[in-house]
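Participant: from the sequence below, what's the structure:
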Amino acid sequence: MISTKGRYAIRVMLDLAENDQGGYIPLKDIAARQEISKKYLEIIVKDMVSGGLLVGASGKGGGYKLCRKPEEYSLGEIIELMEGTLSPVACLAEAKNLCPRKGACRTLPLWTEYDNLVHDFFYGKKLSDLMQKQEG
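Facilitator: The predicted structure follows:
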């Protein structure tokens, strides 16, 4: 399950993309528009800055902005930065988790297929895809 941390990170990124006018956007403005606690967002954006998704500046005129264009961010990279691996089982999460039963495991193809579906879905979607205005 993707937690509020991962979901809010996408909302922050989307807010920054849609409100980009070249400068930094104050966190209080994002918090107000997204109706999310500023204190909670401080924790989230700190991780996003250290993970290289955002840049921040403090003081007058400070705030946050994207490091790249919205079409250069995959939703998968945002979610995995905030949540950790999307892999459903440990043996697929990291190369170091090699299972000694890998050759004999009859369930591994199932988990691999599921892992590929999730990975391809989230890494195939860009932040810019969410910027498309929905009608109705």
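
Participant: what are the boundaries of the strands in this protein?
Facilitator: Applying DSSP state E to the chain gives strands spanning 54-57, 63-66.

Participant: please identify the deepest-packed of those strands.
Facilitator: Stretch with highest mean neighbour count among those: strand 63-66 (a mean of 20; mean count of other CB atoms under 10 Å). Bear in mind the C-beta positions are built from the backbone N, C-alpha and C, glycine included.

Participant: so, low pLDDT: which residues of this structure?
Facilitator: 96-97, 133-136 (pLDDT under 70).

Participant: the helices in the protein, which residues?
Facilitator: 4-18, 27-34, 38-50, 75-83, 90-93, 108-123 (DSSP state H).

Participant: the strands of the chain into TSV, with extra columns for distance to Gln34?
Facilitator: As requested, the strands of the chain are arranged in TSV below (distance: least, CB to CB, whole Å):
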stretch	distance to Gln34
strand 54-57	15
strand 63-66	13
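
Participant: right, and these - which one's nearest Glu94?
Facilitator: Comparison of the strands of the chain against Glu94 by CB to CB identifies strand 54-57 as nearest, at 25.5 Å.

Participant: next up, the contacts around the residue nearest to Ile79 when sequence neighbours are not counted.
Facilitator: Leaving aside its sequence neighbours, Ile79 sits nearest to Gly6 (CB to CB, 6 or more residues apart in numbering; 4.8 Å). Contact partners of Gly6, counting by CB atoms under 8 Å, 6 or more residues apart in numbering, are 78-79, 82-83.

Participant: list the residues that contact the nearest residue to Met48 once chain neighbours are set aside.
Facilitator: Once flanking residues are discounted, Met48 sits nearest to Leu54: 4.6 Å by CB to CB, 6+ apart. Leu54 is in contact with 12-13, 16, 45, 48, 64-67, counting by CB under 8 Å, 6+ apart.
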